[in-house]
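In: model this:
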Amino acid sequence: MSFKRLEEVGTVIRILGIDPGSQITGFGVIEQIRGRQHYIASGCIRIAKQPWQQRLQQIFESLSKVIVEYSPTAVAIEKIFVHKNVASALKLGQVRGVALVVAALNQLSIAEYTPRQVKKTVVGYGAADKAQIQHMMQVLLKLSGLPQRDAADALAIALCHGQMSRGML
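Out: Here you go, the predicted model:
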């Protein structure tokens, strides 16, 4: 099988990055054209204080709307990492599960990246803090202001996927 660099064939991919959270889930949409990333949209899904199953439904419905509105061709999501609080890790896993189901139901390819991979790819330092990620998203995507923290994380996840997938088609 022969592989070609994406930029050689002019492939356009639209990536939805998701930073799952039980209170705030960030999303970021970028488009990659000939190896260059362009900002499309970003935001935060703020989950209302309600029973847990209704929160998960709110995340499902909100991500479904984002997918319909921005028509991504791929989804990149942050891998779960071990929390000190087991209950928080379980909730985060459920939110990730909802996001993965939304992507699967929309027949989107899914990629997962650790927080360290994302930070290393977009900042150059695997232990970068939130402010550094926000700053790099503003610079790399030529934004007029700093994106919200969770939206910046989601954009970074999308950019990480763009960088990782650039090599081959």
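In: number of residues surrounding Q57?
Out: 13 (other Cβ atoms under 10 Å). The way it works is simple: take the backbone N, C-alpha and C, and place the C-beta from them, glycine included.
In: mind listing what's buried along the helix or strand encompassing it?
Out: Assignment of secondary structure by DSSP states H and E places Q57 within helix 52-70. If you call a residue buried by 16 or more other Cβ atoms under 10 Å, then helix 52-70 has these buried ones: 55-56, 58-60, 62-63, 66-67, 70.
In: could you do stretch 109-129 as well?
Out: Neighbour counts over stretch 109-129 (16+ other Cβ under 10 Å) mark 111, 113, 115, 117-123, 128 as buried.
In: what's the end-to-end length of it?
Out: 28 Å (Cα to Cα, to the nearest Å).
In: report the distance from that stretch to the chain centre.
Out: Taking Cα atoms, centre = their mean, to the nearest Å, one finds stretch 109-129 lying 11 Å from the centre of the chain it belongs to.
In: repeat for stretch 156-164
Out: For stretch 156-164, the distance from its own C-alpha centre to the chain's C-alpha centre is 8 Å (Cα atoms, centre = their mean).
In: give me the residues contacting that stretch.
Out: Applying Cβ atoms under 8 Å, 6 or more residues apart in numbering, the external contacts of stretch 156-164 come out as 13, 15-19, 28-30, 32, 37, 74, 76-78, 111, 113, 117-119, 121-123, 133, 136-137, 140-141.
In: so which elements touch the helix holding Q57?
Out: Contacts defined by 3 or more Cβ pairs under 8 Å, 6 or more residues apart in numbering; DSSP states H and E place helix 52-70 against strand 12-19, strand 24-33, strand 36-46, helix 86-105.
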